[in-house]
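# Return atomic coordinates for the entry below.
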Amino acid sequence: MRSRRKLLDETMRAADPLGDGEATAAVDEELLASILATPSPHGGREHARQSRGLRARTRRRRYLVAMPVGAALVAALVAGLPGGGGDGPSTLPVLARVAEAAAAQAPVEGDLPYLYMKTRSTGVSTSVAGGHAWSVLEPTTREQWIARDGSGRVRAVEGPVSWASPADRRAWQASGRIPFLAGGWGRHVSVEEFPAGRFHNFLPGGTALSDLPTDPRELAALLEQRVRDPKAGAGAGNGFSVAVRSLTLVAEILANPFASPDLRAALYEAEGLIPGVEYLGHVKDQLGRHGVAVGAQSANSGAPTVYSLIFDPRTSQVLATQTETLEAPSALPDEGYPRMESLLYLESGATGSLGARPRPARSAAG
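Okay, here's the model as predicted:
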């Protein structure tokens with residue numbers, strides 16, 4: 001059996017990803033003892049139900065991360081701790097801490113004419129024909145240069161396309177090898193220039209970032225309203241939960257160079273107030289970058305799926321959003337699962353001209 005000292009250290013490491021993970025002896029021992037001694041208001045039967053639920057959630061999430069023991073423990077312990085002051089619910093502790101890091105970051109330089117952002121996405125495209133279904137992976141690297149008047153340039157590198165698994169290729173062969181990729185399998189580069197007003201510092205639906213509240217509870221309410229509104233362009237009406245839809249919207253705003261440090265801090269806290277958003281522990285994104293993840297689960301796509309937002313807890317920079325499908329939908333080959341789609345945030349900052357790389361203002365790539 002682990003000692004109380006080791007149990008406490010594991011708990012504190014999970015609760016404080018920004019700290020050094022070492023608990024102080026006297027005060028923290030007393031804190032842990034008081035938490036463990038607090039009786040459940042619902043008695044043993046409620047504790048048993050919670051334990052069964054935790055085991056079930058852990059089994060469903062087994063492909064996502066090997067959650068540290070301390071992280072699972074802190075999820076149970078911190079739930080009974082008082083919030084950070086005031087009435088109403090408190091955000092997830094990990095998001096409260098990363099909000100502090102976000103507020104301490106310097107804003108993107110305002111004296112340069114263009115803001116820059118680079119992302120890399122990997123999507124899964126599925127085709128059905130001749131009684132067979134198969135999927136391919138389609139990567140895209142995108143660079144954007146955005147002027148203050150909303151004009152700008154986008155350079156996109158698409159491909160090369162690859163099979164999601166050997167079983168997907170066999171399914172395509174069984175269909176008669178029909179052509180299904182309009183752009184072919186190779187790499188394609190495109191550059192587009194856009195007039196003033198094409199890019200702007202607005203959310204879908206027209207709310208300016210500068211008009212967003214920086215009170216986390218007000219912002220959480222606005223985010224919930226926005227993703228529920230079918231006219232706002234944030235995915236409302238597609239059957240997914242507010243928790244799932246809000247993750248993508250929050251990631252987009254957090255990575256937007258127009259977002260101020262105060263707004264980014266509020267966004268982290270606000271996301272932790274959205275019902276259904278959970279702490280998923282320490283993870284790596286598809287580039288191998290270390291981060292911390294929060295997310296939500298859904299089977300709305302036809303299979304159990306985990307949607308996550310990954311960020312660097314020390315710099316507050318968004319690293320990625322990921323969609324991990326844990327099991328194959330019934331119509332698809334069952335090889336190659338769990339299967340990942342991702343949007344990696346590589347770099348953002350300010351630059352002096354179209355086509356130029358930015359000064360090292362914000363780099364999530366390390």
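# Distance check, residue 150 against residue 207.
For residue 150, the distance to residue 207 (CB to CB, to the nearest Å) stands at 15 Å. Bear in mind the C-beta positions are built from the backbone N, C-alpha and C, glycine included.
# Check residue 275 too.
The gap separating residue 275 from residue 207 is 22 Å, by CB to CB.
# again with residue 196
With CB to CB as the criterion, residue 196 and residue 207 are 20 Å apart.
# Also residue 335?
Residue 335 is 44 Å from residue 207, where distance means CB to CB.
# tell me which residues form a beta bridge with residue 153?
With beta bridges defined as DSSP bridges, residue 153 has these partners: residue 145, residue 193.
# residues contacting it?
Residue 153 makes contacts with 144-145, 191-194, 354-355, as judged by CB atoms under 8 Å, 6 or more residues apart in numbering.
# Assign a three-state SS to residue 198, would you?
Here residue 198 is coil, with the state taken from DSSP: H, G, I helix; E, B strand; the rest coil.
# got a pLDDT number for it?
Note on residue 198: pLDDT of 75.
# same check, this time on the one 10 residues further on
In this model, residue 208 is scored at 77, pLDDT.
# in the stretch 251-366 of the chain, which ranges drop under the pLDDT threshold?
Low-confidence segments of the stretch 251-366 of the chain, defined by pLDDT under 70, span residues 359-366.
# Show me where it has its helices.
Taking DSSP state H, counting those that start in this stretch, the helices of the stretch 251-366 of the chain run over residues 261-271.
# Please name the nearest non-neighbouring residue to residue 139.
residue 122 (4.9 Å; CB to CB, 6 or more residues apart in numbering).
# so what's that neighbour up against?
137-140, 286, 340-342.
# That one should be in a strand, yeah?
Yes. Assessed with three-state DSSP, residue 122 lies in a strand.
# Dig out what it forms beta bridges with.
residue 139, residue 342.
# Make a markdown table from the contacts of residue 153 and add distance to residue 252 to it.
Shown next, in a markdown table, are these (distance: CB to CB, whole Å):
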| residue | distance to residue 252 |
| --- | --- |
| 144 | 12 |
| 145 | 17 |
| 191 | 22 |
| 192 | 20 |
| 193 | 22 |
| 194 | 18 |
| 354 | 22 |
| 355 | 24 |
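# Taking the residues you listed, tell me the two that lie furthest apart.
By the measure CB to CB, 194 and 355 form the most distant pair in these, at 14.4 Å.
# With neighbour numbers in mind, choose between those two.
Set residue 194 next to residue 355 and count neighbours by other CB atoms under 10 Å: residue 194 wins out with 15 against 12.
# confidence score at the more buried one?
Residue 194 carries a pLDDT value of 89.
# Now for it: which residues touch it?
151-154.
# Please report how far it lies from residue 136.
Distance from residue 194 to residue 136, counting by CB to CB: 29 Å.
# Next: residue 257.
32 Å.
# go on, residue 317?
Distance of residue 317 to residue 136, given as CB to CB: 30 Å.
# Is it correct that residue 258 is in contact with residue 209?
Yes. Between residue 258 and residue 209 there is a contact under CB atoms under 8 Å: 5.2 Å.
# higher neighbour count, these two?
Ranked by neighbour count (other CB under 10 Å), residue 258 and residue 209 place residue 258 first, with 18 against 15.
# tell me the phi and psi of the more buried one?
phi -70, psi -20 (degrees, to the nearest 10).
# got the contact list for stretch 159-172?
Contacts of stretch 159-172 from elsewhere in the structure, counted by CB under 8 Å, 6+ apart, are 124, 127, 132-139, 178, 180-181, 183-188, 332-336, 339.
# Pull out the buried residues from it.
Neighbour counts over stretch 159-172 (16 or more other CB atoms under 10 Å) mark 159, 161, 163-165, 167-169, 171-172 as buried.
# If residue 158 is in a bridge, with which residues?
Beta-bridge partners, per DSSP bridges, of residue 158: residue 140, residue 188.
# So what's the residue count around it?
A total of 17 residues lie near residue 158 under the criterion other CB under 10 Å.
# So it is in contact with residue 137, correct?
No. Between residue 158 and residue 137 there is no contact under CB under 8 Å: 11.8 Å.
# what's the closest of the buried residues of stretch 159-172 to residue 118?
For these, the nearest to residue 118 is residue 159 (17.2 Å; CB to CB).
# What sits closest to the closest one if chain neighbours are left out?
Spatial nearest neighbour of residue 159, excluding adjacent residues (CB to CB, 6+ apart): residue 187 at 4.4 Å.
# Run through the residues that contact the one you found.
Residue 187 sits next to 157-160 when contact means CB under 8 Å, 6+ apart.
# what's the distance between the closest residue to residue 113 other than its chain neighbours and residue 164?
Computed as CB to CB, 6+ apart, the closest residue to residue 113 that is not its neighbour in sequence is residue 147, at 6.1 Å. Residue 147 sits at a distance of 38 Å from residue 164 (criterion: CB to CB).
# picking up where we left off before, please report how far the residue nearest to residue 159 lies from residue 354.
22 Å.
# repeat for residue 156
For residue 156 relative to residue 354 (CB to CB), the value is 15 Å.
# what does residue 262 give?
Per CB to CB, residue 262 is found 29 Å from residue 354.
# before we move on, what about residue 125?
Going from residue 125 to residue 354 by CB to CB gives 31 Å.
# higher neighbour count, these two?
Applying other CB under 10 Å to residue 125 and residue 354 shows that residue 354 carries more neighbours, namely 16 against 13.
# Now do the same contact list for the more buried one.
Residues near residue 354 by CB under 8 Å, 6+ apart: 114, 145, 152-153.
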